[in-house]
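Student: sequence first, then the predicted structure:
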Amino acid sequence: MSEVASSAPGASASRARRLRTGIAAQIRAFVRTPVNVVLLIALPLVVVEGYGIAMDAFPQLPFVQAGRLAEMGRVNGAIYSVAFFAGVLGLFQVISARQADERLRICGYSRGELFASRLITVMLGTLVITGAALSVLAWRTPPEAPIVAFGALALAALVYGLIGMLVGAVLPRALEGSLVMVFLVDFDDFLSSGMLNLDSPILTLFPLHFPHKLFRSAVFEGSIALDNAAAGVTYVLVAGVVALSVYVRLTGNGGDLA
Amino acid sequence: MAGDADLGGERVLVASDLAKTYEPPWPDWMPMGRTVDVLDGADIEIDAGEIVGIVGENGAGKSTLMQILVGALSPDAGTVERSGQVGWCPQEPLLYDRLTVRETFRLFGTAYGMDHDAITEARDRYADRLGFEQFLDYRIDHLSGGNRQKINLSIALLHDPDVLLLDEPYTGFDWETYLEFWGLTEELTEQGTAIAIISHFVSERERFDRILELADGHLEDVTDAGPSDAASADPRGGSAPNGDADGGGVDV
């Protein structure tokens, strides 16, 4: 028989090795998918600048500071690009190899290890897209507090990465899942953007509500909105618990949800 | 893929009174699916060193049975006890398309808990036996169907399992690989590995210790049923490669 790790002290080392190998495999699969690389490069550039140009063509809105429409557009574009990319990445991390993941589980990976390896891959992807989006934004609209702005964007990306994984577990189909992500991110980004003079407690339930506020204050005022940061982090933690629970419950069992 | 029971003696797999029904997650009156009864009181026992064929017509529930035996699917009723390491070769190669063959072995070997040297040694052994050494740096999605099936089988064998559950394992094999496959199974059973091979068609029945037929949700021993009892004895009508013309067959 082959050498098989089974001792208790070796178990955590074995778990760490499985996690490392799983993450490395996911990263390789990610970079070998050309559309991922194209999106990573093109999405921030097109969306950040595109939103800026589009907003600049708008008539002056009564509740938006004069001359800031293009900047507001770029800020919204930055949030949209990271949230959409992370959401789709999370979605495809869960659905693209669902059956192969089940075989890997039978071979020894736990569902928690599979979820963790997908989540860490999503997190790495969010860091890269966040850096790209912030760089494009900074080219025309330098943030007053760049580190806080990076954190806010990463928060927006991470929450949608988790939502993407959640949608992938519940709706494991590429087309339907992608449509849900497009609609959700678009709607959320628009309502959370602060461009509309909305005052409803329901808005605080939207995933981008707090990251958007945090990001705007970091870009325009250079301040850290601690209450928004705390609320955003709490939102991510709750989304993480929900995504993990649903993933463990719904993935596997041969796709039999009954 | 460790077993979860010490069955004692030579018995390595015992499944009792398995039942499985696929039900859509919405009410019956909605036109989006229907309830399908697949298994109803299926029993199977496999001993070490035994090779068992499981046959059944399309849709009889063979792959469902296999997934339950390996633990990929939960039965609605019944129990499965496994002893020792289990190897599973699913009907469709469930592999990661964008990984190379070498990376695939590393990933699954790590899942089994094997160290680097053990993975390399086992990978090279099966690459040599089944003839895919030249494809080790190819991505899975760049392989032909037959070569992909070789990787699929080798992943199931990688950790030298005590129980090997193979679902249509030789689909797409050329004749040489087909013969090599049977040579491999002989060696494994001599070493004490229990093997169950699922197929909609079992050719060369003399290679099997027992043949079980899955029909109406349960398994029946048809080992002694001669070709005259079977619907067809033409092995070329099944999934074995062409040229597999000797021996009786059970096609149900």
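Tutor: Perfect, thanks for sending it.

Student: is the longest helix along chain A anywhere near chain B?
Tutor: Counting by DSSP state H, the longest helix found in chain A is helix A:111-140. No. Applying CB under 8 Å from any CB of the partner chain, one finds helix A:111-140 separated from chain B by no less than 9.2 Å. Every C-beta, even on glycine, is put in place using the N, C-alpha and C of the backbone.

Student: flag every buried residue along that helix.
Tutor: In terms of neighbour count (16 or more other CB atoms under 10 Å in any protein chain shown), helix A:111-140 has its buried residues at A:111, A:113-123, A:125-127, A:129-130, A:132-134, A:136-138.

Student: can you tell me what sits against stretch A:111-126?
Tutor: Outside stretch A:111-126, the residues that touch it by CB atoms under 8 Å, 6 or more residues apart in numbering or on different chains are A:15, A:18-19, A:22-23, A:25-27, A:30, A:40, A:82, A:85-86, A:89-90, A:93-94, A:101, A:104-105, A:154, A:157-158, A:161-162, A:164-165, A:240, A:243-244, A:247-248, A:251-252.

Student: 7 Å instead?
Tutor: Stretch A:111-126 has contacts (CB atoms under 7 Å, 6 or more residues apart in numbering or on different chains) with A:15, A:18-19, A:22-23, A:26-27, A:30, A:82, A:86, A:89-90, A:93-94, A:101, A:104-105, A:154, A:157-158, A:161, A:165, A:244, A:247-248, A:251-252.

Student: likewise for stretch A:165-174?
Tutor: A:90-91, A:93-95, A:98, A:118-119, A:122, A:177, A:180-181, A:242-243, A:246-247, A:250-251.

Student: same check, this time on stretch B:119-137
Tutor: By CB under 7 Å, 6+ apart, stretch B:119-137 touches A:2, B:100-102, B:105-106, B:109, B:143, B:147, B:150-151, B:154, B:157-158, B:177, B:180, B:184.

Student: do that again at 8 Å, thanks
Tutor: Applying CB under 8 Å, 6+ apart, the external contacts of stretch B:119-137 come out as A:2, B:100-102, B:105-106, B:109-110, B:114, B:143, B:147, B:150-151, B:153-154, B:157-160, B:176-177, B:180-181, B:184.

Student: buried subset of these as a ChimeraX selection?
Tutor: Buried subset of those, written as a ChimeraX selection, criterion 16+ other CB under 10 Å:
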select /A:2 /B:100,101,102,105,106,109,110,114,143,147,150,151,153,154,157,158,159,160,177,180,181,184
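
Student: now, the contacts of stretch B:119-137 that are in strands?
Tutor: Applying DSSP state E to these, no entry is found in strands.

Student: show me where the stretch 51-200 of chain A has helices.
Tutor: Listed in chain order, the helices of the stretch 51-200 of chain A (DSSP state H, counting those that start in this stretch) span A:69-95, A:98-107, A:111-140, A:146-170, A:174-192.

Student: show me what the first one is packed against.
Tutor: Helices and strands touching helix A:69-95, by 3 or more CB pairs under 8 Å, 6 or more residues apart in numbering or on different chains; DSSP states H and E, are helix A:34-56, helix A:111-140, helix A:146-170, helix A:174-192, helix A:209-216.

Student: so where's the stretch 101-250 of chain B uncertain?
Tutor: Along the stretch 101-250 of chain B, the model assigns pLDDT under 70 to residues B:201-203, B:226-250.

Student: spell out which parts of it neighbour chain A.
Tutor: B:103, B:106-108, B:110-115, B:118, B:122, B:139, B:155, B:158-160.

Student: distance check, the closest residue in space to residue B:211 that isn't next to it in sequence against chain A.
Tutor: Sequence neighbours aside, residue B:53 is the residue nearest to residue B:211 in space, at 4.3 Å (criterion: CB to CB, 6 or more residues apart in numbering or on different chains). Separation of residue B:53 from chain A (CB to the nearest CB, to the nearest Å) stands at 22 Å.
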